[in-house]
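Undergrad: For reference, the sequence and a predicted model appear below.
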Amino acid sequence: MFWFDHKDSRAVFVDKRRERHTLPDVSSKGGSRELVIDPDHQADFTDLPFPDAAFALVVFDPPHFERNGETGWIGLKYGTLKGEWREELRNGFSECFRVLRPDGVLIFKWCEDEIPVSQILALTPEKPLIGHRSGKQQKTHWIAFMKAPNV
């Protein structure tokens, strides 16, 4: 949801969903807002359809909530954590690092409204370089990792 230009040739948007929703929104003209999820590649982040070391930059923005409703704005926009989500996120980190080039950068976004970021970072053996909190309550973390060079 944070791309400046979805059609930029440098960006490849991946999501396992392809859907469109009209949702009520009193702040929008007409009282509703369109939510369009139209990825370039429809795939799960635990099984990306790209070769090893394909990208210099990867952005990983998985679902962050267990309790939000699947039919509400947040659930539809970001998805919902279900079942064995810790294993799913562990596999997602692994897959992001697989498709990342040596010395490539992974940007990870996590909102710790329900689950502390420390529990999520424990799901990957990789160590972050820098991080930044944002949002009104400072609960959204932007974390940068750099993949080790091939030796």
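TA: Arrived safely, thanks for sending.

Undergrad: And Asp113, how far from Trp142?
TA: 15 Å (CB to CB, to the nearest Å). C-beta: built from backbone N, CA, C; applies to glycine.

Undergrad: actually Thr124, not the one I typed
TA: In this view, Thr124 and Trp142 are 16 Å apart by CB to CB.

Undergrad: quick check: longest strand of this protein.
TA: Under DSSP state E, the strand in the chain containing the largest number of residues is strand 100-111.

Undergrad: Now do the helices for the protein: every range, in order, please.
TA: Assigned by DSSP state H, the helices in the chain fall at 73-78, 85-99, 117-121.

Undergrad: Could you dump the ones you listed into TSV and include mean neighbour count?
TA: Shown next, in TSV, are those (neighbours: other CB atoms under 10 Å):
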stretch	mean neighbour count
helix 73-78	16
helix 85-99	18
helix 117-121	16
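
Undergrad: Would you tell me which of those gets closest to Ala148?
TA: With CB to CB as the criterion, Ala148 lies closest to helix 85-99 of those, at 9.4 Å.

Undergrad: relative orientation of that closest one and strand 100-111 in degrees?
TA: Interaxial angle, helix 85-99 versus strand 100-111 (axes from the mean of the first three to the mean of the last three CA atoms, to 10 degrees): 150 degrees.

Undergrad: what's in contact with helix 85-99?
TA: In this structure, residues lying in contact with helix 85-99 by CB atoms under 8 Å, 6 or more residues apart in numbering are 45-48, 50-55, 58, 60, 62-63, 66, 81, 106, 120, 123-124, 126, 145, 147.

Undergrad: Name only those of those that count as buried.
TA: By neighbour count, with 16 or more other CB atoms under 10 Å, those hold 45-46, 48, 55, 58, 60, 62-63, 81, 106, 120, 123-124, 126, 145, 147 as buried.

Undergrad: So which of these belong to strands?
TA: Phe55, Val58, Phe60, Leu106, Phe145.

Undergrad: and the second one, what is it in contact with?
TA: Each residue near Val58 by CB under 8 Å, 6+ apart is listed here: Cys96, Val99, Leu100, Gly104, Val105, Leu106, Ile107.
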